[in-house]
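Colleague: with the input below, show me the fold.
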Amino acid sequence: MSYHVVFQVPERPVGYRDIPFQIKRDDALLGRLKVSKGGIVWLPGNKSKGFRLTWDQVDRLARDQGRRGHYPR
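Modeller: Next up is the predicted model:
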């Protein structure tokens, strides 16, 4: 299984504007991740409705479900 992540940084301060990421698995769109000052939104596949998480919720999810390790900055 191969993943491919593509993003385009807009030429403006992030603020409340989303920075979009495309995540592909084996050349098929797995979903889109939108990152903003307020949190993230995950849109699976080509769906227009997604799942919003605040940064506090992302923190809890990572601590509860993530794998602990040392990762380069």
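
Colleague: make it CA atoms for all contacts and neighbour counts henceforth
Modeller: Noted.

Colleague: give me the contacts around the top strand by length along the chain.
Modeller: When the chain is parsed with DSSP state E, its longest strand is strand 28-36. Defining contact as CA atoms under 8 Å, 6 or more residues apart in numbering, one finds that strand 28-36 is touched by 14-24, 40-46.

Colleague: adjacent strands (with direction) for that strand?
Modeller: Within its sheet, and counting by DSSP bridges, strand 28-36 is paired with strand 19-25 (antiparallel), strand 39-44 (antiparallel).

Colleague: tabulate these (a markdown table), appending distance to residue 71 and mean neighbour count.
Modeller: Below are the strands paired with strand 28-36 laid out as a markdown table (distance: least, CA to CA, whole Å; neighbours: other CA atoms under 10 Å):
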| stretch | distance to residue 71 | mean neighbour count |
| --- | --- | --- |
| strand 19-25 | 20 | 17 |
| strand 39-44 | 21 | 18 |
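
Colleague: least confident of those strands, on average?
Modeller: Here these differ in mean pLDDT, and the lowest is strand 19-25 at a mean of 91.

Colleague: for the residue nearest in space to the middle of the chain, give me the pLDDT.
Modeller: When CA atoms, centre = their mean is applied to the chain, the residue found nearest the centroid is residue 33 (3.4 Å). pLDDT recorded at residue 33 is 95.
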